[in-house]
Each structure stands twice: as structure tokens, then as C-alpha cells.
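Asks: this one's structure only:
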């Protein structure tokens, strides 16, 4: 769990210093590593569930731990290009019927996704 705050057009993690910033908001996420590879460089495929919806939350929380998302130059990736952040699933309760709605997408077949086995 972190505290995040906006500074201009970026978000900043202020872990351990939240008392210094009145505008810092709690940011919670859970993740598990599904697969790791070492070539062409160390990469990990993670399943992330957010508990709060903060500005650039996933990007900031991973970057604050020295693990920026592939292609995310704004938050520290040395690889430039499309940010490797893909929503592969969405689940919610339908407001009218009360039924659980579940939608999924396969991983794209482009880099870096195609480096992982499915």
C-alpha cells in the first residue's frame, strides 16, 4: 500500500511520508507474478488487481519499486514505445439485474506480450 499524489501531469508515490502531503491519497493494489523471462531482458508478466483507482496507479506503484512497466518512459522504463499495460479482464455486478458480468481478452500478439507463453 502506498500514498499517491499528483505533481503536475505525473503521479508520485509518497510511501512513508504521507503526513508531509495533505493531498496524498491511499493507493492499494495486489499482484502476483504469472511468468518471468530473462531474454531479451528480465521481464515479468503480472496479474494485478487494484483496490483503489488512482491516477496512473499501477504505473506509479511498480515504478516506485524500481520495476517500471515496459515502454513507460514517463515512469522510468528504458524501453520506449507502447506501455505494456493490458486489461485482460473485467468483472462487475450488473446494476439492474444483479448478475455478475465477466469480460476477458487474450493478450496481444505483439511485443512484449508475445515473449511469454500462454
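Replies: Received, thanks. All values reported here derive from a predicted model rather than from experimental measurement.
Asks: so what's the closest residue to residue 50 other than its chain neighbours up against?
Replies: Leaving out its chain neighbours, the residue that sits closest to residue 50 by C-beta to C-beta, 6 or more residues apart in numbering is residue 29, at 4.8 Å. In short, each C-beta sits where N, CA and C put it, glycine included. By C-beta atoms under 8 Å, 6 or more residues apart in numbering, the contact list for residue 29 reads 48, 49, 50, 51, 52, 57, 58, 61.
Asks: Name the SS class of the first one, please.
Replies: Looking back up the chat, that one is residue 48. Classification of residue 48 using DSSP: H, G, I helix; E, B strand; the rest coil returns strand.
Asks: Near the closest residue to it other than its chain neighbours, how many other residues are there?
Replies: Taking C-beta to C-beta, 6+ apart as the measure, residue 48 lies nearest to residue 31, with 4.5 Å between them; neighbours along the chain are not counted. Residue crowding around residue 31 was assessed by other C-beta atoms under 10 Å; the count is 14.
Asks: Doesn't residue 31 lie inside a strand?
Replies: Yes - read with three-state DSSP, residue 31 is one of the residues of a strand.
Asks: From residue 45, how far out is it?
Replies: If you measure residue 31 against residue 45 using C-beta to C-beta, to the nearest Å, the figure is 10 Å.
Asks: Not counting sequence-adjacent ones, nearest residue to the most centrally placed residue in the chain?
Replies: For the chain, residue 58 is the residue whose C-alpha lies nearest the centre (C-alpha atoms, centre = their mean; 2.8 Å). Nearest in space to residue 58, with sequence neighbours left out and distances taken as C-beta to C-beta, 6+ apart, is residue 48 at 5.8 Å.
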